[in-house]
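*Asks:* any chance you can model this:
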Amino acid sequence: MADRFPRLPPSGIKVIVVGAGFAGLAAAIECDRKGHSVTLLEKVDDMDEITRIGDIISFDPNGSVAFERWPGVVDAMEAIARQTTWLDLYHHEGKFVTRQSFAHEKAWGRRINGHRGQLHNIIYKHAVARGIDIRLGQRVEDYFETDDPPQAGVILSTGERLSGDIVIAAEGVRSRGRKIVLGFDENPKSSGYAVYRAWYPADRIIDNPKIRHLVANGDTHQGFIGPDIHFLASSIKNGTEVNWVFTHIDDGNIEESWQFPGKPEEALTYLGGWCDVVHELVKSTPPGRLIDHKLVYRDPLPTFVSPRARIVLIGDSAHPFLPTSIQGASQSIEDGVVLASCLELSGRADIPRATRAYEKLRYDRVHRAQAQGPKTRERWHKADWSKVWKNPEMIHLPRETWLLNFDAEKDAYDRYEEVVAASKTSEAKL
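*Replies:* As a prediction, this is how the structure comes out:
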């Protein structure tokens, strides 16, 4: 096992991770790599409930660099990922506008785009294979931390208390861990937008002359842009599966649920005047394969760390991303990498130093990345077509080197002492 999964010598640090989404799994795996002892708690009884759900999710090179260090993971992901290096963009009435190439990004690392549940399952199975203590059906009701002894922990719905040196809250946008960090309860807010998402077999469209071109010759990736809506569609697994997603203004017709069932006929009401390709994709969606959900967000937090600095927020618990950022998943992976590295560098004797260094390393970067989401949405939804037709690259996705060509582990190792020293200087001035 040690040869199969190289890890550092035991650090003596006991880590509790709450939530087995991408952020929680990344934190658990990275902590295991660094020699920390990990217990991962997940409220769902059956991980199949999580891993079979979803549509497309993207990991850019700054996220996938971590997968390269998890034996077998990145190759398994690529085997089911979309095999395209471009995005074709169209006016919502159907006229082609521009092709954006991502081929040059190969020099930065791998782009992994695939079914959310299937990619999640690959990472989850890797965590299981590593021997991480994963406990399903464990609902966390509250968090706590103490000075004597110095520890942090959780209270389960059964009343059981579990404690360790640090608790990592990775439950998502509604994380109960936010209360102990903020000092009060805070509800998610509507972003003003909602999303329809679908995924289904390509045999649903292969005989439809209006859209069979999307699957007849392998994988494709295209976007359609119109007033206050953008519609993205792709085929995957050599054109054998199809997914589409579109963002529209939230009219309050659904509750705040990620898995609210949607109806194609309702989705079509938002797409009057749109081209046949979009209409046929929506109409081809089989029963039970359409999800309708609100895009909720949180105001930027003043901190990701609890008062005693032993409870830490990561992923959507700390910084929810809009889909148009195309960075939410990658940033959650970066969080786990950086926190595990800081714990390694601090050692068990000074967990608060590690968590505060993690926050310093992540805070500005993650909020700068977060800001890409609204900017891209506005670039598409409010496009001035008199200008776009003259300069089609105006609607290209921003793909910036500072964001994508980045190794979070290396950055943590390089800057840890610098941010620790800066924190000490700040504290001395108070």
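*Asks:* ok, G164 touching P149?
*Replies:* No - counting by Cβ atoms under 8 Å, G164 does not reach P149; the two are 11.2 Å apart. In this view, the C-beta of every residue, glycine as well, is placed from N, C-alpha and C.
*Asks:* and the two? Which one has more around it.
*Replies:* G164 (21 against 7; other Cβ atoms under 10 Å).
*Asks:* in the stretch 301-430 of the chain, which spans are helices?
*Replies:* Counting by DSSP state H, counting those that start in this stretch, the segments of the stretch 301-430 of the chain that form helices are 328-346, 351-370, 372-381, 385-388, 401-404, 408-429.
*Asks:* which of those is buried the deepest?
*Replies:* helix 328-346 (a mean of 27; mean count of other Cβ atoms under 10 Å).
*Asks:* and that helix, what does it pack against?
*Replies:* Here helix 328-346 touches helix 22-33, strand 56-59, helix 61-67, helix 351-370, helix 408-429, going by 3 or more Cβ pairs under 8 Å, 6 or more residues apart in numbering; DSSP states H and E.
*Asks:* P320 is nearest to which of those?
*Replies:* Closest of the helices and strands packed on helix 328-346 to P320 is helix 351-370, at 8.2 Å (criterion: Cβ to Cβ).
*Asks:* quick one: distance of that closest one to the chain centre.
*Replies:* Put simply, helix 351-370 sits 17 Å off its chain's centre (Cα atoms, centre = their mean, to the nearest Å).
*Asks:* what angle do that helix and helix 408-429 make?
*Replies:* Comparing the axes of helix 351-370 and helix 408-429 via axes from the mean of the first three to the mean of the last three Cα atoms, to 10 degrees yields an angle of 110 degrees.
*Asks:* and the helices of the stretch 301-430 of the chain as a markdown table, adding distance to W86?
*Replies:* Shown next, in a markdown table, are those (distance: least, Cβ to Cβ, whole Å):
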| stretch | distance to W86 |
| --- | --- |
| helix 328-346 | 20 |
| helix 351-370 | 23 |
| helix 372-381 | 17 |
| helix 385-388 | 18 |
| helix 401-404 | 16 |
| helix 408-429 | 27 |
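*Asks:* format those helices as CSV; extra columns: mean pLDDT and distance to G63.
*Replies:* Listed next are the helices of the stretch 301-430 of the chain as CSV, based on pLDDT from 0 to 100; distance: least, Cβ to Cβ, whole Å:
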stretch, mean pLDDT, distance to G63
helix 328-346, 97, 3
helix 351-370, 96, 11
helix 372-381, 90, 14
helix 385-388, 97, 30
helix 401-404, 96, 9
helix 408-429, 86, 9
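*Asks:* quick one, which of these gets closest to D185.
*Replies:* Evaluated over the helices of the stretch 301-430 of the chain, closeness to D185 peaks at helix 351-370, with 21.5 Å, by Cβ to Cβ.
*Asks:* so which elements touch the closest one?
*Replies:* Using 3+ Cβ pairs under 8 Å, 6+ apart as the contact criterion, the elements in contact with helix 351-370 are strand 166-169, strand 311-313, helix 328-346, helix 408-429.
*Asks:* quick one: which of these is nearest P61?
*Replies:* Here helix 328-346 is closest among the helices and strands packed on helix 351-370 (Cβ to Cβ), at 8.3 Å.
*Asks:* circling back: quick one: the helices and strands packed on helix 328-346 as TSV, columns for distance to S386 too.
*Replies:* Putting the helices and strands packed on helix 328-346 into TSV (distance: least, Cβ to Cβ, whole Å) gives the following:
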stretch	distance to S386
helix 22-33	41
strand 56-59	31
helix 61-67	35
helix 351-370	31
helix 408-429	41
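*Asks:* fine by me, thanks again.
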